[in-house]
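Visitor: Sequence and predicted structure below; questions after.
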Amino acid sequence: MINSYADLDDAGVATAAVRAGAEVVRTLYGRRLARMDKGAGDFATAADVEAEEAILGVIRAARPDDAVLGEEAGRQGAAEAARQWLVDPLCGTLNYAVGSMLVAVNVALRGSAAAVADPFSDEIFCTDGETAWVRHDGADVPLAPTAATRLVDVNLDPPFPNAPGFRAVDLLAQHRFVEHFRPRVVSTTLALAWVAAGKRAAYVTDGGDLSGSVHFAAGIALCQAAGCVVTGIDGGPIGPAGRGLVVAADGETHQLLMSMIVHGRRRTTG
């Protein structure tokens, strides 16, 4: 059998992988799925597991020597492998389990290509590490971030490692936030792809180093390649010492959000 994935570049592999995962997510949507408890209120469904298996099948066929870190299956491949794929087969499992279509399928090659699929709009957001685009109805359109919508997605899900100094929910109570933005909470990192695509002005979440997270890596790569401003909640670079994430369509939006975060921190510690 001819390996149809072997000749793809890394962006092509990422795209094929999220497309395979998204097909599973669509197929199983609306069915009664057993939940596998993961602790602390988190769980996986058969859709998470089967979507990851479909994604891994593509990566193994295309890049058999690469390592993989999957949300469900964990680490696979040689520990000394120079390349590692990060896989989140269904970001927004709770949304999905209750019948919401606000979910994403995320695949990223650490430090390089990445793709995010919206299974229900049939959009695939992709980057080769340098440029970023969205594929829809067979056409590729460059991603163009803009703050015009004024919509800011704020992740309110735990954990909150930077509390009480920073609480994402406190942004929503600030008068300046209400003056300039409108909050949204979709509870999936699809919102990161939406910042890159101009559907959101910004995204804010608590956390530690999210650069190597299976949940965030693909969205971060998209936003960086699209030209968004990407930092931690302290304004510093993301990475090993990173603290959460603030992604904005432009510098003005980022600066405004950072001023609100600093103001909120002063009120908490003052």
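Guide: Thanks, I have the structure now. Numbering: from 1, shown residues only.
Visitor: which stretches of the stretch 151-270 of the chain have low pLDDT?
Guide: 264-270 (pLDDT under 70).
Visitor: give me that answer again for 80
Guide: Within the stretch 151-270 of the chain, the segments meeting pLDDT under 80 span 263-270.
Visitor: For Ala113, which non-adjacent residue is closest in space?
Guide: Asp10 (3.8 Å; Cβ to Cβ, 6 or more residues apart in numbering). For every residue, glycine as well, the C-beta is placed using N, CA and C.
Visitor: correction: Ala73
Guide: Closest to Ala73 by Cβ to Cβ, 6+ apart is Glu52, at 6.0 Å.
Visitor: Equivalent analysis for Ala217, please.
Guide: Spatial nearest neighbour of Ala217, chain neighbours left out: Ala108 (4.0 Å); criterion: Cβ to Cβ, 6+ apart.
Visitor: ok, the longest strand along the chain: who's next to it in the sheet?
Guide: In the chain, assigned by DSSP state E, the strand with the most residues is strand 84-91. Taking DSSP bridges as the criterion, strand 84-91 pairs within the sheet with strand 67-70 (parallel), strand 104-109 (antiparallel).
Visitor: ok, then the element right after the last one?
Guide: Put plainly, it is strand 104-109. strand 114-118 (DSSP states H and E).
Visitor: could you point out which element follows that next one?
Guide: strand 123-127.
Visitor: Gly212 and Arg135, how far apart?
Guide: Look at Gly212 and Arg135: by Cβ to Cβ, to the nearest Å, they are 26 Å apart.
Visitor: what does Asp118 give?
Guide: 11 Å.
Visitor: Can you pull the residues that touch both of the two?
Guide: Shared contacts of Asp118 and Arg135, defined by Cβ atoms under 8 Å, 6 or more residues apart in numbering, comprise 124-125.
Visitor: Looking at the two, which is more packed in?
Guide: Ranked by neighbour count (other Cβ atoms under 10 Å), Asp118 and Arg135 place Asp118 first, with 23 against 17.
Visitor: Surely the more buried one and Leu190 touch.
Guide: Yes: taking contacts as Cβ atoms under 8 Å, Asp118 lies within contact range of Leu190: 6.0 Å.
Visitor: tell me, what's touching those two both at once?
Guide: In contact with both Asp118 and Leu190: 103-104, using Cβ under 8 Å, 6+ apart.
Visitor: and the residue nearest to Leu33 when sequence neighbours are not counted, what are its phi and psi?
Guide: Nearest non-adjacent residue to Leu33, counting by Cβ to Cβ, 6+ apart: Thr45, 4.1 Å away. Dihedral angles of Thr45 (phi, psi; degrees, to the nearest 10) stand at phi -120, psi 170.
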